[in-house]
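S.K.: next come a sequence and a model predicted from it.
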Amino acid sequence: MDIDSIKRLKNLTGVGLTDAKAALTEANGDFDKALEAMRKKGMTKAEKRGEREAREGVIGSYVHDNRIGVIVEVNCETDFVAKNEKFTDLVKDVSMHIAASSPEYVSDQDIPEDVKKAKHDEFSEKAKSEGKPEKMIDNIVSGMVKKYFSELCLLDQPFIKNPDQTVGDLVKEANAQLGENIVVRRFSRLQLGEV
């Protein structure tokens, strides 16, 4: 276990040197295992931070080829973090992702109940018409609805730069690194020629 690995782990997770060294020791020097353990711990802390109010932040924008434009509001708790390079990079990444993936909602909590119900009813009819067993229809429909809306919700979409993680995971990772509650509040996406 060398000092470079400890520093690298510290920079990737936002923890102190002592915690980074302890994580590497616990993982018997396996950097990837230590990183995964630290991310899990950081995510747990990040979820607890989610209860704190985030009213600072920035409005970010991204224009792609003068044909697609995005404005996004990302909030944090302090002005200090709002000016941090990692935070501004996160806002740029989220803006770029919105331009590329065209989500309709920030999260499933933003989907109107009538829209959810209409989609649920549509999938129920489809499952019944396909002759699915009555006992299984609720589970099948729930899965179909969840998958359908996960493709439309920004935080559930696979992140364009790393499809192994969702945009929500990216935000939680920044939350863990920066030590503050970070919230993607809202966005607007315009595409030339679309109404």
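M.R.: The structure has been received and is ready for your questions.
S.K.: any idea how far K33 is from the residue nearest to the spatial centre of the chain?
M.R.: Ranked by distance to the mean C-alpha position of the chain (Cα atoms, centre = their mean), the top residue is G168 at 1.3 Å. From G168 over to K33 the distance is 23 Å, taken as Cβ to Cβ, to the nearest Å. Every residue, glycine included, has its C-beta placed from N, CA and C.
S.K.: same thing with I98?
M.R.: 33 Å.
S.K.: have a look at these two and say which one is more surrounded.
M.R.: Neighbour tally, I98 and K33, criterion other Cβ atoms under 10 Å: the higher count belongs to I98, 25 against 14.
S.K.: give me the phi and psi for the closest residue in space to that one that isn't next to it in sequence.
M.R.: Once flanking residues are discounted, I98 sits nearest to V70: 4.6 Å by Cβ to Cβ, 6 or more residues apart in numbering. Backbone torsions of V70, given as degrees, to the nearest 10, read phi -130, psi 140.
S.K.: and V70, what does it touch?
M.R.: Contact analysis of V70 by Cβ atoms under 8 Å, 6 or more residues apart in numbering lists S61, Y62, V63, S95, M96, I98, A99, F187, S188, R189, L190.
S.K.: I'd like the next helix or strand past the helix or strand bottoming out on mean pLDDT in the chain.
M.R.: Ranking every helix and strand in the chain by mean pLDDT, DSSP states H and E puts helix 31-49 at the bottom, with a mean of 66. Once the chain leaves helix 31-49, the next helix or strand it forms, by DSSP states H and E, is strand 56-64.
S.K.: so what strands line up beside that following strand?
M.R.: Sheet pairing of strand 56-64 (DSSP bridges) gives strand 68-76 (antiparallel).
S.K.: tell me the mean pLDDT for the strand it pairs with?
M.R.: Throughout strand 68-76, pLDDT has a mean value of 96.
S.K.: show me what counts as buried in the helix or strand following that strand.
M.R.: On the C-terminal side of strand 68-76, the nearest following helix or strand under DSSP H and E is helix 79-82. If you call a residue buried by 16 or more other Cβ atoms under 10 Å, then helix 79-82 has these buried ones: V81, A82.
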